[in-house]
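K.L.:
No sequence on hand, only this structure:
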């Protein structure tokens, strides 16, 4: 049978009719090919089609399984979930931060100031905004040149502008093999192919990047990586800087979580002549009122400004003025410090309830490699039945069917007491078996 879609349709019908049940493991591809009289390449396309339709999921070293739940209608992590306990999305909003932020914005509400703030603003913002942003983004001995700072509507737009500036349609962008899901969506819309690069306990492996073949740029999260929660040590940053210099490769550094590790120098400090540093206010403040920042080497500032303009990714003037006011009054510094303390409290809860999870203690998320008896999709579905939303590894995997058997736990959203109770539920769930679900 030449048309792999016909075979995929037959399997889809078996799934719909219940002949193949959620969690069932499909035969290894070579065995499936022999059973059906197919070429091995055709069997691979059949399984790939089932994954594409959201009917199956592949896990490295374990095989291909019928999905435990139907895929969501929107991309993973795109919108807030409706679960009672949200351990999927990672936005920390502290109880008293709104009052602090509102007080700092009072000067913007004067008629003359508000009138100015309602006018358009270019990608370069204003001199006062650039100076404030440079103060905000300073880490250790690294302080960006205010003249090289650009503004976007949010961090996602800053990432999109940077990718569009360096990776033409049809070309390749290197990323960690597990990466921020929005980057996958942005690359798809820009017609950019993602090339996964291996990571280890220290982050992206420089030698793996060198072996990845021709790429036009690298997107990397060296500090509090999403989803792994790891922070790249200085020696690894030095090694990566040497490799990208040898490859003459632009680097897009996502620094969205760096405010939680203000003791870490960004990768841009190791390769300043080829690194675009991206950050925003969405984690520092909240996603409802945010602004994105791009710090570029001087030679690339005009190129990135053009990308921001052509993509319609520029920030609103009011958001830039609000950010400036929060920075110069040190309101934002106070909120950042409070969130670092909050993250430390939550880290102690996670360690007490689920010891040994992967991730930096300063991070608002952890990576959980599940017990052997569980598959990620089944575990996420079981947690959802108990009112807890989690993110399966497949949401972050660059290659479909190449997700490890793990979940990400975002710990910033619920109250601490609710978080502790939810982790108790997850610990009890993991200690049991998927077969226990039949008794529910």
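P.N.:
Looks like it came in fine. In this text the structure is predicted, and so the values were computed from the model without any measurement. Numbering: from 1, shown residues only.

K.L.:
Work out which residue lies at the spatial centre of the chain.
P.N.:
Geometric centre of the chain, nearest residue: residue 180, 2.5 Å, by C-alpha atoms, centre = their mean.

K.L.:
distance of the nearest residue to that residue once chain neighbours are set aside from residue 357?
P.N.:
The shortest distance from residue 180 to any non-neighbouring residue, by C-beta to C-beta, 6 or more residues apart in numbering, is to residue 226 (5.2 Å). From N, CA and C alone the C-beta is placed, and that goes for glycine too. Relative to residue 357, residue 226 is positioned 15 Å away (C-beta to C-beta, to the nearest Å).

K.L.:
cool, and residue 165?
P.N.:
36 Å.

K.L.:
More neighbours: these two, which one.
P.N.:
Taking neighbours as other C-beta atoms under 10 Å, residue 165 and residue 357 compare with residue 165 leading, 23 against 18.

K.L.:
what's the spacing between the more buried one and residue 204?
P.N.:
Distance of residue 165 to residue 204, given as C-beta to C-beta: 21 Å.

K.L.:
How many residues are close by the residue nearest to residue 180?
P.N.:
26.

K.L.:
Touching, it and residue 283? I think so.
P.N.:
No - the pair residue 226 / residue 283 is not scored as a contact, 10.2 Å apart, by C-beta atoms under 8 Å.

K.L.:
Quick check: neighbours shared by these two?
P.N.:
With C-beta atoms under 8 Å, 6 or more residues apart in numbering applied, the overlap between the contact sets of residue 226 and residue 283 consists of 90, 256-257.

K.L.:
OK, contacts around residue 278?
P.N.:
Residue 278 is in contact with 155, 158-159, 162, 252-256, 292-295, counting by C-beta under 8 Å, 6+ apart.

K.L.:
For the helix or strand encompassing it, the averaged confidence score.
P.N.:
Element membership of residue 278, judged by DSSP states H and E, is strand 275-280. Across strand 275-280, pLDDT averages out at 97.

K.L.:
neighbouring contacts of the next helix or strand after it?
P.N.:
Next in sequence after strand 275-280, counting helices and strands by DSSP H and E, comes strand 292-295. Contacts with strand 292-295, where a contact means C-beta under 8 Å, 6+ apart, come from 133, 136-137, 144, 148-158, 161-162, 268, 276-281, 304, 308, 313, 315.

K.L.:
doesn't residue 92 make contact with residue 282?
P.N.:
No - using C-beta under 8 Å, residue 282 makes no contact with residue 92, being 10.5 Å away.

K.L.:
what ranges do the helices span in the stretch 1-150 of the chain?
P.N.:
Using DSSP state H, counting those that start in this stretch, the helices of the stretch 1-150 of the chain run over 4-17, 29-36, 40-52, 97-104, 111-117, 127-137.

K.L.:
Now for this structure, the helix or strand with the poorest mean pLDDT.
P.N.:
Taking mean pLDDT, DSSP states H and E as the measure, the chain has helix 111-117 as its least confident helix or strand, at a mean of 75.

K.L.:
Okay, buried residues for that one please.
P.N.:
Of the residues in helix 111-117, residue 117 count as buried by neighbour count, 16 or more other C-beta atoms under 10 Å.

K.L.:
Against residue 271, how distant is the nearest residue to residue 249 once chain neighbours are set aside?
P.N.:
Of all residues not flanking residue 249 in the chain, residue 218 sits nearest, at 5.6 Å (C-beta to C-beta, 6+ apart). Residue 218 sits 10 Å away from residue 271, taking C-beta to C-beta as the criterion.

K.L.:
what do you get for residue 241?
P.N.:
According to C-beta to C-beta, residue 241 and residue 271 sit 4 Å apart.

K.L.:
Kindly report the same for residue 143.
P.N.:
16 Å.

K.L.:
Who has more neighbours out of these two?
P.N.:
For residue 143 and residue 271, the more surrounded residue by other C-beta under 10 Å is residue 271, and the numbers stand at 22 against 12.

K.L.:
tell me the SS of the more buried one?
P.N.:
coil (DSSP: H, G, I helix; E, B strand; the rest coil).

K.L.:
if I pick it, what's in contact with it?
P.N.:
By C-beta under 8 Å, 6+ apart, the residues touching residue 271 are 240-241, 244-245, 251.

K.L.:
now do residue 357
P.N.:
Here residue 357 is in contact with 350, 366-368, 409 (C-beta under 8 Å, 6+ apart).

K.L.:
Test my guess that residue 100 contacts residue 334.
P.N.:
Yes - counting by C-beta under 8 Å, residue 334 is a contact partner of residue 100 at 6.6 Å.

K.L.:
which parts of stretch 85-103 are buried?
P.N.:
For stretch 85-103, a neighbour-count test (16+ other C-beta under 10 Å) marks 85-92, 97, 100-101 as buried.

K.L.:
Repeat that for stretch 398-405.
P.N.:
Going by 16+ other C-beta under 10 Å, stretch 398-405 has these buried residues: 398, 401-405.

K.L.:
By pLDDT, give me the weakest of those.
P.N.:
residue 401 (75).

K.L.:
Residue 337: how many residues sit nearby?
P.N.:
Residue 337: 13 neighbours (other C-beta under 10 Å).

K.L.:
before we move on, back to that, separation between the residue nearest to the centre of the chain and residue 327?
P.N.:
Distance from residue 180 to residue 327, by C-beta to C-beta: 25 Å.

K.L.:
Would you agree residue 388 is in contact with residue 85?
P.N.:
Yes - Residue 388 is in contact with residue 85 according to C-beta under 8 Å; the separation is 4.7 Å.

K.L.:
what do these two both touch?
P.N.:
Counting by C-beta under 8 Å, 6+ apart, the residues touching both residue 388 and residue 85 are residue 422.

K.L.:
Who are the contact partners of the nearest residue to residue 229 once chain neighbours are set aside?
P.N.:
Leaving aside its chain neighbours, residue 229 sits nearest to residue 359 (2.6 Å; criterion: C-beta to C-beta, 6+ apart). Residues in contact with residue 359 (C-beta under 8 Å, 6+ apart) are 228-230, 365-367.
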